[in-house]
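**Student:** Dropping the sequence and predicted coords here.
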Amino acid sequence: MRTFQLTTNRAKREHLSDSCEADFTEAGSQDAEKGIVREFALPCASELKRKDARWSCGTEGFFRGLSVETRSHFELLATQFRCPGTKVLISEKQEPSSILFLLEGEVTISMNSSDGRRLLLEVAEAGDMLGLTSAISGDASEIRAEARYPCRIASLRREDFLEFLERHPAAIQNVTRELCLHCTRACERLRILGLTSSATAKLAHLLLDWCRRGQQTRSGIQIRCVLTHEEIGEHIGISRETVSRALADFKRHDLVRQRGSTLIVTSRRALAIYAGTGSIADPKEPAA
């Protein structure tokens, strides 16, 4: 029975790839009326048939340690599609019907308050999973996921994903690791929002957090900043104007330099003082 289902999924995916104008089944149309992601899941044939458009782009975290056979099983279950920028992939309070794997592009993850204010949680990149928490728990989504630019995504039905985890215990370890990472990020956000008093300190904390994923150079740590000043403000709970003033102050004291969308933090130690954490040890940064 399971072999028949896998064959059917593969046949369906090949049928969809024959034309970029292909539409989903009647069930998919009903899902579209409910705002589910298949509303715009129209895969492009040229993308689905390219060898390099498979799973080489990202998702290594989820596939870490999985066998070739396990990966192939996953690919048979998943459907790739492209979506335009600004498209809402997951809405708050949406019931979990699928889990999404971001293969290309960037997706903004946020929450909205009852009075319309937005809290920007993070910007998901290639390799990230969207809707993982609600897919595992079965609860309605607490977040909103919106594509910043055109994205390529793989979608997997929640039921198929849970069954896949049951059949492949190694994948459960990777999912557990991802959930722990979500928890760590949430704690970092709470530390900035709840335990940091001044706006300058909040911005300094955020930049220090970004430095962990930055690239060390002779002039400092390079950070690729994809957010506007308004979005940075939504990230740490301050206004756009306050972000602009604080960032200008950092530049004036040569703590931060900017080249287009790249920020260069010249000294993490000095920035830590602004964050109120005192001196910070950094083996990559030479002693003063």
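**Tutor:** Good, I have the coordinates.
**Student:** Can you show me the helices along the stretch 1-150 of the chain?
**Tutor:** For the stretch 1-150 of the chain, the helices defined by DSSP state H, counting those that start in this stretch cover 2-17, 26-33, 45-49, 60-63, 68-77, 132-137.
**Student:** same deal with the stretch 151-288 of the chain?
**Tutor:** When assigned using DSSP H, counting those that start in this stretch, the helices of the stretch 151-288 of the chain occupy the ranges 158-167, 169-195, 199-211, 229-236, 240-252, 268-275.
**Student:** and L66, which of those is closest to it?
**Tutor:** helix 169-195 (5.7 Å; Cβ to Cβ). The C-beta positions use only the backbone N, C-alpha and C, and glycine is treated the same way.
**Student:** Flag the shaky bits of the chain, pLDDT-wise.
**Tutor:** Along the chain, the parts satisfying pLDDT under 70 run over 1-60, 278-288.
**Student:** what's the domain layout of it?
**Tutor:** Domains of the chain are assigned by automatic domain parsing as 2-190, 197-275.
**Student:** The ones you listed into TSV, with extra columns for mean neighbour count?
**Tutor:** Shown next, in TSV, are those (neighbours: other Cβ atoms under 10 Å):
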stretch	mean neighbour count
domain 2-190	16
domain 197-275	17
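**Student:** Spatially nearest residue to F161 (excluding sequence neighbours)?
**Tutor:** I99 (5.0 Å; Cβ to Cβ, 6 or more residues apart in numbering).
**Student:** likewise D254?
**Tutor:** In space, D254 is closest to T266, 6.0 Å off (Cβ to Cβ, 6+ apart).
**Student:** and that neighbour, backbone torsions?
**Tutor:** Per-residue torsions, T266: phi -80, psi -30 (degrees, to the nearest 10).
**Student:** doesn't G220 make contact with it?
**Tutor:** Yes. At 4.1 Å, T266 and G220 qualify as touching, with contact defined as Cβ atoms under 8 Å.
**Student:** Give me the common contacts of those two.
**Tutor:** R257 (Cβ atoms under 8 Å, 6 or more residues apart in numbering).
**Student:** Point to the residue nearest the middle of the protein.
**Tutor:** The centroid of the chain falls nearest to A124 when counting by Cα atoms, centre = their mean (1.7 Å).
**Student:** Now it: closest residue in space, sequence neighbours ignored.
**Tutor:** Nearest to A124 is V107, by Cβ to Cβ, 6+ apart, at 4.3 Å.
**Student:** ok now do I223, which residues does it touch?
**Tutor:** 207, 210-211, 213-214, 262-265.
**Student:** can you redo these as a markdown table with distance to A201?
**Tutor:** Shown next, in a markdown table, are the contacts of I223 (distance: Cβ to Cβ, whole Å):
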| residue | distance to A201 |
| --- | --- |
| L207 | 11 |
| W210 | 15 |
| C211 | 15 |
| R213 | 21 |
| G214 | 19 |
| T262 | 23 |
| L263 | 17 |
| I264 | 20 |
| V265 | 15 |
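**Student:** Farthest-apart pair in those, please.
**Tutor:** Farthest-apart pair in these is R213 and I264; separation 14.3 Å (Cβ to Cβ).
**Student:** any idea how far S155 is from M129?
**Tutor:** Separation of M129 from S155 (Cβ to Cβ, to the nearest Å): 11 Å.
**Student:** overlap in contacts of the two?
**Tutor:** With Cβ under 8 Å, 6+ apart, M129 and S155 have common neighbours 99-101.
**Student:** In terms of distance to R245, which of the contacts of I223 ranks first?
**Tutor:** Within the contacts of I223, proximity to R245 (Cβ to Cβ) peaks at L207, which comes in at 14.9 Å.
**Student:** Please give me every residue in contact with that closest one.
**Tutor:** 223, 250, 256, 263, 265, 271.
**Student:** same thing but at 6 Å, please
**Tutor:** L207 makes contact with V265, according to Cβ atoms under 6 Å, 6 or more residues apart in numbering.
**Student:** Put the alpha carbons of stretch 220-229 into CSV.
**Tutor:** Listed next in CSV are the C-alpha coordinates belonging to stretch 220-229 (Å, rounded to 0.1, in the frame of the first residue of the first chain):
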residue,chain,number,x,y,z
GLY,A,220,36.0,43.4,11.7
ILE,A,221,33.1,41.1,11.5
GLN,A,222,31.0,41.4,8.4
ILE,A,223,27.2,41.0,8.8
ARG,A,224,24.8,40.8,5.9
CYS,A,225,21.9,43.0,7.0
VAL,A,226,18.7,42.3,4.9
LEU,A,227,16.4,44.4,7.2
THR,A,228,15.3,48.0,6.8
HIS,A,229,15.6,50.3,9.9
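**Student:** Perfect, I'm done here.
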